[in-house]
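# how does the following fold in three dimensions:
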Amino acid sequence: MHTTRSFRLCVVVLVVNLVVGAAWSQPAPAPLPALKRVVFLGDSITVGVGVSNKEQKRYSSVAAALLRREFPALEEINLGSSGAGLSQQAENYPETVLAQTPDAVVIQWGVNDQYWGFSVPQFAVNYERLVAALRKAKPDMPIVVCTLVPDFRFPDAFDVWIGAANVAIQEIAAKYRCRVAYVHEALEHQREKFQPDTIHPNDAGAQRMGEAVYAAFRSEPLSEKNLNISFDQGQDVRFRQWVFIPKRTDMQSSWAKAERLGPGGFQLITSVPLTVRTAPLFAEGTYVVEIKDAGGERVGTQQAQVTWQRLFTITIDPGTHPMPLTVSIRKQ
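Numbering: from 1, shown residues only. Below is the predicted model:
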């Protein structure tokens, strides 16, 4: 039975029967220009520390091998730097990268920026400086940015810095039309995919990373018209004037994802109750919110009265319906 109710300031949508492990819908592969030289940037993970054979097993080699199915002459140019962070690179670092005449660039920086004590804002400024320089020099070049691997070295707050940095990376990706390799999704906080040092992926982890990078090459770049955010649950997340507030009850970390964010709605996958709030983007009036599951079944319809504050809030409590949920918002 479907019910309709009017609210002041917010609408609460209770969703039952959600299946977290269902397949996420994928868009058609994005076209790529001819790729001959792909440059991989990052720390010791890019170098290949932790794998049994760097030339074959590191994530950059895995991604390059997958890309060679379409571009047989593709050259992997690995500029990884062990022990370093992006914030420690020389001021002319972008010029050093561009001197390699890349057809595409993959960026894996971040884990060591946390290790060396740089703040997320410091890291984000340096990250954006690099991406902006690459985009200015090569407006149409594919740039793939990697979300950070889980860092188990700091168990008291292992997902706080990494989680905030991942959001910053995705905001930069949307601003500069970058593709995103969702590495944190691929590794799923599984320690068995890491060496005993808990920071370097082993062969299995690097394989998953390489596959994530390849998937990013085949995906649509983020942009103002294609806003997606994937984040580790456990902290409030603010992304392009959307606020996501997961209601996690323990320290077990997992990820949630919202795609195609816009005034008309979005798609969502989450395993815990999640509140979604916008900035004052909506005009005053009555709105109808409809939620359907991946099979097209309607799981909830609600009305919301947006007042002078113009805030819009949806709280979704997941159960076992197949993912993703499609949330449609329209004004009456």
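
# could you break the chain into its assigned domains?
Split into domains by automatic domain parsing, the chain comes to 11-24+228-331, 37-217.

# dump those domains to a markdown table, plus distance to residue 30, mean pLDDT and mean neighbour count.
All C-beta atoms are positioned from the backbone trio N, CA, C, and that covers glycine. Shown next, in a markdown table, are the domains of the chain (distance: least, C-beta to C-beta, whole Å; pLDDT from 0 to 100; neighbours: other C-beta atoms under 10 Å):
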| stretch | distance to residue 30 | mean pLDDT | mean neighbour count |
| --- | --- | --- | --- |
| domain 11-24+228-331 | 13 | 80 | 17 |
| domain 37-217 | 8 | 94 | 19 |
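
# quick one, strands of the stretch 51-200 of the chain?
75-78, 104-107, 143-146, 179-181 (DSSP state E, counting those that start in this stretch).

# please name the bridge partners of the most centrally placed residue in the chain.
Centroid-nearest residue in the chain: residue 230, 4.0 Å away (criterion: C-alpha atoms, centre = their mean). Under DSSP bridges, the beta-bridge partners of residue 230 are residue 257.

# summarise which helices and strands whichever helix or strand residue 243 is part of is packed against.
For residue 243, the host element (DSSP states H and E) is strand 242-246. The contact analysis (3 or more C-beta pairs under 8 Å, 6 or more residues apart in numbering; DSSP states H and E) places strand 242-246 against strand 229-232, strand 237-239, strand 255-262, strand 274-278.

# switch those strands over to JSON lines; also include distance to residue 105.
Formatted as JSON lines, these follow (distance: least, C-beta to C-beta, whole Å):
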{"stretch": "strand 229-232", "distance to residue 105": "21"}
{"stretch": "strand 237-239", "distance to residue 105": "23"}
{"stretch": "strand 255-262", "distance to residue 105": "24"}
{"stretch": "strand 274-278", "distance to residue 105": "33"}
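
# using the three-state scheme, assign residue 38.
strand (DSSP: H, G, I helix; E, B strand; the rest coil).

# show me the contacts for it.
Taking C-beta atoms under 8 Å, 6 or more residues apart in numbering, we find residue 38 in contact with 63, 64, 67, 74, 75, 76, 77, 102, 103, 104, 105, 106.
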